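*Asks:* following is a predicted model, sequence given first.
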Amino acid sequence: MNTMKFLSEELDDLKRKSLYRKLRILQSPQQSTSIIDGKTVVNLSSNNYLGLATHPRLKKAAVQAIEKWGVGAGAVRPIIGTMEIHDQLEKELAAFKHTQASLVFVAGIAANRGTIQAVAPDETDAIISDELNHASIIDGVRLTKAKRLVYPHKDVKGLEEALKKAQGSRRILVVTDGVFSMDGDLAPLPEIVEKAHQYGAFVMVDDAHGSGVMGPHGEGTTFHFGLQDKIEIQMATMSKAVGVLGGYVAGSQDLREFLIHKARPFLFSTAHPPAVAAACLEAIKVLKEEPEHHQKLWENTKFFKSELTRMGFNTGGSVTPITPVIVGEAATAMKFSDLLFEQGVFAQGIGFPTVPEGKARLRTIVTAKHTKEELSKALEAFGKVGKKLALVSA
Ligand SMILES: Cc1ncc(COP(=O)(O)O)c(C=O)c1O
């Protein structure tokens with residue numbers, strides 16, 4: 001008897017809906033031109049915004065940390081897994097975010113799950129969330145018993161209605177992405193913070209795609225809006241612009257201490273290997289000392305985005321280096337991606353459930369490391385394939 005028949009049944013269903021994915025294999029470091037499945041292509045699908053994943057200073061810091069500390073932390077953070085290097089990193093992150101303190105989790109997903117569950121755990125609490133928030137926020141919300149209220153994307157009126165409904169709750173958390181990961185648009189943080197505070201709620205911003213990208217020196221979306229002192233919980237990752245791995249929460253010293261005692265992914269998961277912490281620490285220094293990466297990222301972003309728009313592609317409301325090319329059906333997105341790959345360009349097709357049904361897309365991300373030639377080659381391929389699929393005319 002095949003007790004696991006559901007596996008093949010569900011996989012067949014995904015294939016029917018063009019949502020089945022084969023893992024592509026990267027055979028080079030994560031670079032602007034990479035070798036993917038044996039082909040050399042312009043890579044428009046990494047989150048390595050500043051190119052730090054291969055930065056010599058980070059690599060050196062990681063190797064030195066291995067020599068000094070070994071390859072593993074050997075314990076969960078609250079027992080004896082907190083090495084000096086983890087402590088230094090948290091201090092540096094707090095300084096970077098201009099907060100009293102920070103706390104690192106093994107990944108962004110762990111930071112979101114752990115923090116949301118810890119700060120609003122009970123039936124008497126309420127969590128108000130943008131409908132397009134990242135899956136790790138949704139997971140965090142699912143882990144609590146709190147009342148859940150979801151407002152339409154970036155809709156401050158919808159948020160206010162939810163805040164009214166949540167009145168009487170013990171704690172009210174409003175949580176939003178800073179930069180939305182599939183659309184590249186920004187949350188209206190000034191209005192969100194104002195409404196939340198008016199109704200006695202506190203705000204958590206997931207700045208996974210804003211940190212290293214938004215703000216004068218990449219401090220994040222909260223800095224872009226000048227709200228760093230008003231947002232109670234700033235969450236970010238070190239797996240994207242920082243180029244390494246890990247999630248963190250920056251805020252007050254009380255928030256840090258509270259999470260040390262209450263956040264389950266912090267309590268029950270082994271600390272980062274020292275090489276990870278050392279590379280992250282070096283990355284934060286590079287962000288401060290080498291502003292040219294941040295400048296180049298925005299130069300490339302402006303060029304690529306404006307060209308895609310000029311060609312007639314639907315790039316939604318993106319204002320960041322994440323530029324979606326929205327095509328509608330998942331089958332079209334996957335076909336678009338495959339044809340681009342044949343032309344030497346990799347841009348991943350994305351469908352449901354990562355984005356809503358009928359809003360399938362290619363999600364492109366330029367980095368500081370892309371050259372004008374690479375971006376021009378990619379744009380030429382987009383034009384050619386876009387015409388072939390009748391997505392653009394000229
Ligand atoms: C908005 C957002 N939050 C959180 C995460 C999770 O971060 P990590 O990859 O560090 O687990 C991601 C990454 O995909 C993301 O895009």
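*Replies:* On my side now, so go ahead. Numbers count the residues shown, from 1 in each chain.
*Asks:* when you work out contacts or count neighbours from here on, use the C-alpha atoms and nothing else.
*Replies:* Fine.
*Asks:* contact residues of the stretch 1-150 of the chain facing the ligand?
*Replies:* By C-alpha under 6 Å from any ligand atom, the part of the stretch 1-150 of the chain that sits against the ligand consists of Ala107, Gly108, Ile109, His134, Ser136.
*Asks:* quick one: which of those has the most company?
*Replies:* Neighbour counts for those (other C-alpha atoms under 10 Å) peak at Gly108, which has 26 neighbours.
*Asks:* so what's that one up against?
*Replies:* By C-alpha atoms under 8 Å, 6 or more residues apart in numbering, the residues touching Gly108 are Ser136, Ala208, Met235, Ala236, Thr237, Met238, Ser239, Gly246, Gly247, Tyr248.
*Asks:* before we move on, what about Val175?
*Replies:* Val175 makes contact with Ile127, Ile128, Ser129, Asp130, Ile137, Val203, Met204, Val205, Asp206 under the criterion C-alpha under 8 Å, 6+ apart.
*Asks:* isn't there a helix covering the third one?
*Replies:* What that stands for is Ser129. No - under DSSP: H, G, I helix; E, B strand; the rest coil, Ser129 falls outside any helix and is assigned strand.
*Asks:* can you pull the contacts of it?
*Replies:* Here Ser129 is in contact with Arg148, Leu149, Val150, Tyr151, Val174, Val175, Thr176 (C-alpha under 8 Å, 6+ apart).
*Asks:* which pLDDT value goes with it?
*Replies:* Per-residue pLDDT puts Ser129 at 98.
*Asks:* please enumerate the strands of this protein.
*Replies:* Taking DSSP state E as the criterion, the chain contains strands spanning 33-36, 39-43, 101-105, 126-130, 147-151, 172-177, 202-206, 233-237, 247-251, 322-328, 345-346, 349-350, 360-365.
*Asks:* of all those strands, which one is nearest Lys296?
*Replies:* For Lys296, the closest of those is strand 360-365, at 13.4 Å, according to C-alpha to C-alpha.
*Asks:* just checking, what packs against the closest one?
*Replies:* Applying 3 or more C-alpha pairs under 8 Å, 6 or more residues apart in numbering; DSSP states H and E, we find strand 360-365 packed against strand 322-328, helix 330-342, strand 349-350.
*Asks:* related to what we said a few turns ago, let me know the closest of the contacts of Ser129 to Ala101.
*Replies:* If you rank those by distance to Ala101 using C-alpha to C-alpha, Val175 comes first, at 19.8 Å.
*Asks:* ok, for the closest one, nearest residue in space, not its chain neighbours?
*Replies:* Using C-alpha to C-alpha, 6 or more residues apart in numbering and skipping residues adjacent in sequence, the residue nearest Val175 is Met204, 4.7 Å away.
*Asks:* residue contacts, that neighbour?
*Replies:* By C-alpha under 8 Å, 6+ apart, the contact list for Met204 reads Leu173, Val174, Val175, Thr176, Ile231, Glu232, Ile233, Gln234, Met235.
*Asks:* okay, the residues you listed in a markdown table with pLDDT next?
*Replies:* Converted to a markdown table, the contacts of Met204 look like this (pLDDT from 0 to 100):
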| residue | pLDDT |
| --- | --- |
| Leu173 | 98 |
| Val174 | 98 |
| Val175 | 98 |
| Thr176 | 98 |
| Ile231 | 98 |
| Glu232 | 98 |
| Ile233 | 98 |
| Gln234 | 98 |
| Met235 | 98 |
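*Asks:* JSON lines for the residues you listed, including distance to Leu186?
*Replies:* Shown next, in JSON lines, are those (distance: C-alpha to C-alpha, whole Å):
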{"residue": "Leu173", "distance to Leu186": "19"}
{"residue": "Val174", "distance to Leu186": "16"}
{"residue": "Val175", "distance to Leu186": "13"}
{"residue": "Thr176", "distance to Leu186": "10"}
{"residue": "Ile231", "distance to Leu186": "15"}
{"residue": "Glu232", "distance to Leu186": "18"}
{"residue": "Ile233", "distance to Leu186": "17"}
{"residue": "Gln234", "distance to Leu186": "15"}
{"residue": "Met235", "distance to Leu186": "15"}
